[in-house]
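Participant: Quick one, fold the following:
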Amino acid sequence: MNVHFIAIGGAAMHNLALALHNKGYQVTGSDDEIFEPSKSRLVNKGLLPEAFGWFPEKITENLDAVVLGMHAKAENPELLKAQELGLKIYSYPEFLYEQSKNKTRVVIGGSHGKTTITSMILHVMHYHNRDVDYMVGAQLEGFDVMVKLTEENDFIVLEGDEYLSSPIDRRPKFHLYKPNIALLSGIAWDHINVFPTYENYVEQFKIFVDSIVKGGSINYNEEDAEVKRVVDASENPIRKIAYHTPEYTVEDGETYLETPEGPMPIEVFGKHNLNNLAGAKWICQHMGIDEDDFYEAISTFKGASKRLEKIAEGKTSVAYKDFAHSPSKVEATTKAVKEQYSDRKLVACLELHTYSSLNAKFLKEYKGALDAADTAVVFYSPHAVEIKKLDAVSQEQIAQAFERDDLVIYTNPDDFKNFLFSQNFENKALLLMSSGNYGGLNFDEVKALIK
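Facilitator: The predicted structure is shown next:
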């Protein structure tokens, strides 16, 4: 097949392009800007566009398919040419479904935990040399790419994102996969620029459950009241299998999972990660991995990239960074680090960086999210608020939203950095939560603070 990517440089798009190239397809693409690591990875396979920009002349009748990325606009000149020629135009999830419609599709959905659960499943499969197709939203140890597509593999494991499919397809991605086996980890309002009310957001998960192939199954986190309501209410004729957080203990900064063979030390920690592990175990069992083999493999899982990633450790101090930005993720991550290092003071720093987190109406969702921290710090850039064309957010609004009198708030990157580098981290744990970099913070310099 001859496939062209409009906006090939995106994290998801370039991985799909690499997967198709590895499958033997003819792949071309365009983008107006491409950053690392996408750029180098496309260069290595000879897929980097010769020039940045949009070139309608690349769109010809010789193309079997055009894949349209979210970064492109509806009036993109290449898209308009493809429409004019009547070419088959796919969104990213549509194309993944097209590639997997004859496979057993395993889809992991939820507001939080889906990347970690998908990563756990793939780690276990890789450990036991079970080859599966997949799409996951983080770089995994032992995996060259984030998307793999073959003709021969029976299973494909898909991370089911609820965000929109493309500029001309406003359906959430996970509505298009039609799972045979599904998992729902949690529901907590997110993406308010797309789903302006909580009810509208929850509705997307109802549609997801109803999209499961008849006779299929869903594993769901019964500790999440909204998830339980959504699954219980579905009249789709599928098997419904609940899971919950397994028993575990924490001793001297190490987490032990209770198993039929006794306590087993594991690399990941925190109640939310143990809950994720329980969901992953069920899915692996559906895919033919027995319980003992699952435990053997999962004991070596170190976590997904950017999810509770340990960046430095000293004799009495430790530092983690995490992608957490939504209220439920921030709360779960902060609690996890405090529980793991209960004998140390926790300094938790959160950057409000996304559209939702910088929205004045949404801020109240952060109530209590940093309560587990001994020192709680919030950084945000008023400039970022302007760029996103949002109403200005004041420090008073942020303080009220978190309902924490001693909350430390910074809007200047230098002031935040000075605060961080003035701290004595002896007998402390540092947690940096952001999908950005606090206005230019060098994480390698932060590592030097931990002794």
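Participant: okay, CA-based contacts and neighbour counts for the rest of this
Facilitator: Noted.
Participant: can you tell me which strand in this protein is longest?
Facilitator: Counting residues, the longest strand in the chain under DSSP state E turns out to be strand 345-352.
Participant: other SSEs contacting the very next helix or strand once past that strand?
Facilitator: Counting by DSSP states H and E, the next helix or strand C-terminal to strand 345-352 is strand 375-380. Secondary-structure packing of strand 375-380 (3 or more C-alpha pairs under 8 Å, 6 or more residues apart in numbering; DSSP states H and E): strand 345-352, strand 408-410.
Participant: go again using 10 Å as the cut-off
Facilitator: strand 345-352, helix 395-402, strand 408-410, helix 413-421, strand 428-433 (3 or more C-alpha pairs under 10 Å, 6 or more residues apart in numbering; DSSP states H and E).
Participant: re the thing from before, and the direction of the longest strand of the chain versus that of strand 428-433, what angle?
Facilitator: Counting by axes from the mean of the first three to the mean of the last three C-alpha atoms, to 10 degrees, strand 345-352 lies at 10 degrees to strand 428-433.
Participant: Does strand 345-352 pack against any helices or strands, and if so which?
Facilitator: strand 317-322, helix 327-340, strand 375-380, strand 408-410, helix 413-421, strand 428-433.
Participant: Convert the C-alpha atoms of the helix or strand that the third one is followed by to PDB, please.
Facilitator: In this case it means strand 375-380. Per DSSP H and E, the first helix or strand lying C-terminal to strand 375-380 is helix 382-387. Extracted C-alpha coordinates of helix 382-387, given in PDB (Å, rounded to 0.1, in the frame of the first residue of the first chain):
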ATOM      1  CA  PRO A 382       0.200  33.600  32.800                       C
ATOM      2  CA  HIS A 383       1.700  33.700  29.200                       C
ATOM      3  CA  ALA A 384       0.500  30.100  28.600                       C
ATOM      4  CA  VAL A 385      -3.000  31.200  29.700                       C
ATOM      5  CA  GLU A 386      -2.900  34.000  27.100                       C
ATOM      6  CA  ILE A 387      -1.700  31.700  24.400                       C
END
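Participant: M146 is nearest to which of the helices and strands packed on strand 345-352?
Facilitator: strand 317-322 (19.0 Å; C-alpha to C-alpha).
Participant: what does the closest one contact?
Facilitator: 305-313, 329-330, 333-334, 337, 341, 344-350, 424-435, 443, 446-447, 449-451 (C-alpha atoms under 10 Å, 6 or more residues apart in numbering).
Participant: low-scoring pLDDT stretches of the stretch 351-451 of the chain, where are they?
Facilitator: Under the criterion pLDDT under 70, no range of the stretch 351-451 of the chain is flagged.
Participant: Next one: the residue nearest the centre of the chain from L183, what distance?
Facilitator: Nearest to the mean C-alpha position of the chain, by C-alpha atoms, centre = their mean, lies T115 at 4.6 Å. Separation of T115 from L183 (C-alpha to C-alpha, to the nearest Å): 12 Å.
Participant: Are there residues contacting both of those two? Which ones?
Facilitator: In contact with both T115 and L183: 108-109, 159-160, using C-alpha under 10 Å, 6+ apart.
Participant: For these, give me CSV that also has secondary structure, pLDDT and neighbour count.
Facilitator: Listed next are these as CSV, based on DSSP: H, G, I helix; E, B strand; the rest coil; pLDDT from 0 to 100; neighbours: other C-alpha atoms under 10 Å:
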residue, secondary structure, pLDDT, neighbour count
I108, strand, 98, 29
G109, strand, 98, 27
E159, strand, 97, 24
G160, strand, 97, 30
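Participant: Next one, pLDDT for E141 please.
Facilitator: Predicted confidence (pLDDT) for E141: 76.
Participant: Hmm, Y127 and it touching each other?
Facilitator: No - assessed by C-alpha atoms under 10 Å, E141 is found out of contact with Y127, at 11.2 Å.
Participant: looking at this protein, which helix or strand does the model trust least?
Facilitator: helix 382-387 (a mean of 79; mean pLDDT, DSSP states H and E).
Participant: Show residues contacting that one.
Facilitator: With C-alpha under 10 Å, 6+ apart, helix 382-387 has contacts from 352-355, 357-359, 389-394, 411-412, 439.
Participant: ok, now which ones touch A332?
Facilitator: Here A332 is in contact with 112, 270-273, 324, 369-370, 372 (C-alpha under 10 Å, 6+ apart).
Participant: Go through these and name the one nearest E36.
Facilitator: Distances from E36 to the contacts of A332, taken by C-alpha to C-alpha, are shortest for A324, at 21.3 Å.
Participant: helix, strand or coil for that closest one?
Facilitator: Put simply, A324 is coil when judged by DSSP: H, G, I helix; E, B strand; the rest coil.
Participant: That one contacts V330, doesn't it?
Facilitator: Yes - the criterion here is C-alpha under 10 Å, and A324 meets it with V330 at 5.4 Å.
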